[in-house]
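sequence? don't have it. structure:
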């Protein structure tokens, strides 16, 4: 049969945490989990050379997971946690308090689900021009910011624009913000990932673009991303998983007569780790039920893609979500970069 | 067991054409199909009292289906067809060439997938104030227009605002434009529906609102809608259907050795009407495969909804699509309402 | 010669405070001035029938004057003062704490200098729909809000739309927000006026429209306005006044040798009330210098208007100013209308 | 008295045509005037070294003047004339049909009067990425485009960003679009200037920035500018000029009894070149009337500036004007750069 190119239907994820979920954690990884103010933080250090395995480079990946940022209190908690983790990453990378920073907002400001980067840039405090004039008070560092647009708007590889600017203005490090694709409907608009490994080829909402990383630019590059879109393959595949989980949950819990009093529809079966037997899966979902995750995604991809239905979609509240996410990220960045900014 | 309320997981559709697809057409319906400039037109007259059956009132439903309005030529063709069908509907309703019209753009201009109505209102030619001043040339009719916003913005039932304005300015008929929910991933952003039955309760992208119809307002109400969002239940259910269709297609065509030379992945199996046997369905998808459409939707709904994953989503290109759709509809309305407007 | 229609070149002002400046205050007026948090408040009660004299109806006019709302502290001070004055006016009008309010944002959201009303409506807390559902906690009143657009967008007299909605939803009182024309370059974007006399014909940035007032609607109407535009006649006439004032200031102060040490260019001559003699005015500005304010405006109008140069203009920072003004007014309204809203 | 720095109150103009009006044309200039489709074109070649005199470098300056681009026909005429003049300038500079172009939209997309450059970039056809892929049909050239933002947004000198990008992507020439300041109320939003001398320091709506020119970048730089703002000094000074002109016009024409039948208010005195005698000026406007243009501007500046009233303003229709101007300029550029684009 020959070798199959799995890249098309393989899990399309920019999140290390998602990649790790389908992989055995071994010596190649160091993982740390913590919950602060109700916000779940996962810090992963990839130490070994596993890029062929999970398409993730060596480096630190921090993931922040939350539920509902339309709640004002939770939004402020997420902002605080995000800011603290960013400070931690700066310190991990030994970036000094007066190192100058160039912020880059990737994405298309005319396309709402892809406008997170430009929206963050609109709300950060820039100071480089004031440093050039010598009029900045203590407690600030030199920060510049740009939204270079996407290749469909500029005709230029975005990495080329950034390379040109970095060579000219010589910042000490770069912070890139972008909207990402998710491989799970559970994470859309509910996760922020930070990494020191840059932004990788083929990622993101739009088209592939060249890597923006320390290797290219010669200075530390921190990438901050939020998954804002998901494809139909993922929605269907996730749902089939959820069907299995729910049936397992019901089976395990409904034998106990007490539990039958509880409405199973209101129980969060996703927190339960039990799984169905292969026989149960086969009964419930036939051949499709017995496929591995990758095989199932491949099958769904082959059904939807040729007829143009593997839509890349975003929740309909996208305008409001992007506004809140950009407030969290810009406020957190201002606080992390400038000692003087305490009111986020 | 008692009677089950099917309304939650029943096909959530505003399109008569979709409702009809799952129903036997009989004496209660008159259906006419035509393809003009590559655009498929379906005109349905519901004559019988079938509202309990398919949740559609008596009246005319015209559906225009197209493929790709990013193609400039196809966009102009769709605009022409839409305008002609609107003229036909005005004439069917015996609305005179000088009858005054109030255009209403429903939806939230701050939420891109719900902004179609306001975007159309921004681009239509209004003339009522000029008629009031007596300064209009021949070939125009009196047209006024308003975007009343949604209840979350105004705190007021939208139908109340419209009722108040209609009572005061007394137009001869009303034209309502809104973004809708679709029950098929195939129709999102690819269908325009026109009907003389008004906008019905529970429809649309947002929350339920009271009916805007001839019964309420006492004058003809034409509703123009485009499905711009779809829920996860529909995406999963449609995909399972497509799996069956594709397997049926492959089975029927791949026995012929000649066909094996054709790459089955590039064939449009959705145009094929053959279906799998129940046994094949059971093999492929187990119990889930053998459920009826309604049962399957109910099952998926019960899996996704309690854990908050029955997302209502829109394709990520939503900004560009809304712009093109509003251009088609406003241009078509200008042409249909004003004899003098020939350049759409 | 016959009677001259002065209306064209007469001071085009919506601000009572400006009208009063050119008029002798007598028994017809009661005026009160106060400075709170550095913000100047003027409360004028027009008791007599002076509408022919200064084109202002009987009622209360409150004017709030400030310098620089790009300063965050001053912005918060202005918001607090505005909110307190609005509470005072509600109490003066004996409007109860649970009276329901309809907010109306006049103006065109697509035209930045005219977008203040719609911007305020976008940011107020609406609750009427929650009251209708019975789900509101204590400390809130029923508030609804609408931006009806301008006649050029809707084809409908704005007062007709409002009349229709008010008749239908029956609020206890109405709050109207609009951008105004100023008769002084000193007040642009630096004044908020509140009045219980409604919005008057011929006012505002746009075209004349029918009055929105207690007389029309049968319920109290509070109008809140900010002058955001000014015409060239006013800019030129004000500058000639400033020339006279500055010459008078210099003459009075520069005789004293001590004062010559002070740079006259940095002194604020506008706060000085001394005026030039007629002879000095004639020397400085010839015939033009000796004209009365009205005559001078008439002359400038006759020079600029026939050749199309009596531009109506707005400061180039208009986008940022409208954003800050709408934040002040919406925050102040939320605080004044809902006891529970303490964080503006 | 010492030397006075005139730069503050000197005519603040970016338009060569305005600078020339106050200067004697001699051997240093070559001027050509033409009217095409009702649009006035002035082509000035500055040959001599007059930069100290009028602050304009050697090179070609083309000015297009028009009346009313809200008129659809006139707008199309202006677009055609602009496109033809741009083609002429490209040919004058010997820029080949396949030379690659980088378009730069200067200005702040968040500030309407300064948003012309970014708005043009949003509407031009970019092709560089297609050339890089080798998928462009004949009749197009390689075009890339970027809106770098202003220093207040980025913290970076705009010229630095552009220099960095130009060094990296190496276009054959650069086209810069910007909103300018005007020294005449007659030209606001009614003039397009094109020049091969680049954008000069201290120009524009915003703050000074370093030159963007052939000298800096090493490749031809064509700058396209439209005056969209004017300061109060100019409005007042222009009006005093108009007063003189109108009085001269009336004096000259009203002695003829026939002319008295014509309403002098409707005559366009600005087209008349007669001027008042110094005595008449002194009678009409006193000392102010007898000042030279520069002295009068200095006086007005000294009156308005210390008290903060030398506002920089824009006509209140700014949103609609920027939209139409950007349509003219982007359409004209597309047509001039790509042989294949005939429909502007």
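Yes, it's here. Keep in mind the model is a prediction, meaning the values are calculated, not measured.

which parts of the stretch 51-200 of chain A sit against chain B?
A:110-114, A:185-186, A:188 (Cβ under 8 Å from any Cβ of the partner chain). C-beta here means a position set from N, CA and C on the backbone, and glycine is covered the same way.

among these, which ones are buried?
Neighbour counting over these (16 or more other Cβ atoms under 10 Å in any protein chain shown) leaves A:110-114, A:185-186, A:188 as the buried ones.

can you name the two of those residues that are farthest apart?
The span of those, defined through Cβ to Cβ, is set by A:110 and A:186 at 28.6 Å.

my read: residue A:280 touches residue A:250, true?
No - at 11.0 Å, residue A:280 does not count as touching residue A:250 under the criterion of Cβ atoms under 8 Å.

quick one: the helices in chain A?
Taking DSSP state H, the helices of chain A run over residues A:16-21, A:51-54, A:72-92, A:116-123, A:128-133, A:151-154, A:158-169, A:214-217, A:232-254, A:257-260, A:278-290, A:293-304, A:318-337.

where does chain A dip in pLDDT?
Flagging of chain A using pLDDT under 70 yields the residue ranges A:1-26, A:51-55, A:200-209, A:254-267, A:344.

List, one by one, the residues from it near chain D.
Proximity of chain A to chain D, by Cβ under 8 Å from any Cβ, involves residues A:110, A:121-122, A:126-130, A:132, A:142-149, A:151-157, A:160-161, A:163-169.

can we see that at 6 Å?
Within chain A, the residues that sit near chain D (Cβ under 6 Å from any Cβ of the partner chain) are A:126, A:128-129, A:144-146, A:151, A:154-156, A:160-161, A:163-165, A:168-169.

quick one on the thing from earlier: distance to residue C:82 added to the helices of chain A, as a markdown table?
Listed next are those as a markdown table, based on distance: least, Cβ to Cβ, whole Å:
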| stretch | distance to residue C:82 |
| --- | --- |
| helix A:16-21 | 48 |
| helix A:51-54 | 57 |
| helix A:72-92 | 23 |
| helix A:116-123 | 25 |
| helix A:128-133 | 32 |
| helix A:151-154 | 41 |
| helix A:158-169 | 43 |
| helix A:214-217 | 49 |
| helix A:232-254 | 48 |
| helix A:257-260 | 58 |
| helix A:278-290 | 62 |
| helix A:293-304 | 56 |
| helix A:318-337 | 25 |
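
okay, the ones you listed, which one's buried deepest?
Across the helices of chain A, averaging neighbours per residue (mean count of other Cβ atoms under 10 Å in any protein chain shown) puts helix A:116-123 on top, at a mean of 24.

Show me what that helix is packed up against.
When contacts are defined as 3 or more Cβ pairs under 6 Å, 6 or more residues apart in numbering or on different chains; DSSP states H and E, helix A:116-123 sits against strand A:101-105, strand A:173-181, helix A:318-337.

Next, the angle strand A:173-181 makes with that helix.
Relative orientation of helix A:116-123 versus strand A:173-181 (axes from the mean of the first three to the mean of the last three Cα atoms, to 10 degrees): 140 degrees.

Tell me what angle helix A:116-123 forms with strand A:101-105.
Going by the same axes, to 10 degrees, helix A:116-123 is angled at 130 degrees with respect to strand A:101-105.

Can you pull the domain assignment for chain A?
Following automatic domain parsing, one gets these domains for chain A: A:6-233+A:314-337, A:234-313.

Could you report the distance from the residue lying closest to residue A:326 once chain neighbours are set aside to residue A:175?
Distance criterion Cβ to Cβ, 6 or more residues apart in numbering or on different chains; nearest residue to residue A:326, sequence neighbours excluded, is residue A:119 at 3.6 Å. Applying Cβ to Cβ, to the nearest Å, the value for residue A:119 to residue A:175 is 15 Å.

same check, this time on residue A:297
Separation of residue A:297 from residue A:175 (Cβ to Cβ) stands at 33 Å.

go on, residue A:287?
Residue A:287 is 47 Å from residue A:175, where distance means Cβ to Cβ.

What of residue A:109?
Separation of residue A:109 from residue A:175 (Cβ to Cβ): 18 Å.

can you pull the contacts of residue A:147?
Residues in contact with residue A:147 (Cβ atoms under 6 Å, 6 or more residues apart in numbering or on different chains) are A:105, A:118, A:121.

between the residues you listed, which is nearest residue A:275?
Of all the contacts of residue A:147, residue A:275 sits closest to residue A:105, with 41.3 Å by Cβ to Cβ.

The closest one: what's it in contact with?
Counting by Cβ under 6 Å, 6+ apart, residue A:105 touches A:117-118, A:120-121, A:147, A:177.

Right, I'll call it a day here.
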